[in-house]
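Participant: Sequence and predicted structure below; questions after.
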Amino acid sequence: MSLSEFTSRPVITISPEATIHDAASLMKEKNLGCLVVVDRDFPVGILTDRDITMKVVANSKDPYTTKVREIMTQNPVVLRQELGVFEALEQVKDKAVRRFPIVDSEGRLSGIVTVDDLIYMLGKELYDISLI
């Protein structure tokens with residue numbers, strides 16, 4: 001099973017030039033804990049609810065003027081959509097992140113997968129193997 005068969009679509013994205021207030025409002029509306037930050041369909045960052053709490057609220061920054069680009073995690077770890085679950089796990093096992101944008105062969109955003117998704121996929125793959 002490749003990541004393209006399993007990734008969440010559509011991915012909710014935001015511009016690096018949006019304000020933190022806009023990002024938080026979008027997260028609330030869509031009931032999400034993170035947004036992929038994109039520039040012309042290419043993932044350039046990840047913004048999490050924890051980023052907002054720790055980097056904006058805890059530091060008394062103004063969410064109406066602080067831009068997403070100022071606090072996002074830049075250059076996110078991305079996975080290619082054609083990877084299988086075992087290959088994906090190999091690539092992310094030493095990373096300290098839980099969410100991974102999925103990109104096509106040109107590097108454009110095509111989905112998102114979480115560590116929990118990968119664990120579920122691994123379980124499914126192992127179950128399928130046990131049926132052989």
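Facilitator: Nice, I can see it.

Participant: only C-alpha atoms for contact and neighbour calcs from this point on.
Facilitator: OK.

Participant: do you know how far the closest residue to Thr19 other than its chain neighbours is from Pro16?
Facilitator: The shortest distance from Thr19 to any non-neighbouring residue, by CA to CA, 6 or more residues apart in numbering, is to Lys67 (4.4 Å). Applying CA to CA, to the nearest Å, the value for Lys67 to Pro16 is 7 Å.

Participant: Of those two, give the one with the bigger neighbour count.
Facilitator: Pro16 (22 against 19; other CA atoms under 10 Å).

Participant: For my notes, confirm the more buried one occurs in a strand.
Facilitator: No. Pro16: not assigned to a strand; according to DSSP: H, G, I helix; E, B strand; the rest coil it is coil.

Participant: quick one: it from Phe100, how far?
Facilitator: Taken as CA to CA, the span from Pro16 to Phe100 is 18 Å.

Participant: what's the distance between stretch 5-17 and the middle of its chain?
Facilitator: Centre-to-centre, stretch 5-17 and its host chain are 7 Å apart (CA atoms, centre = their mean, to the nearest Å).
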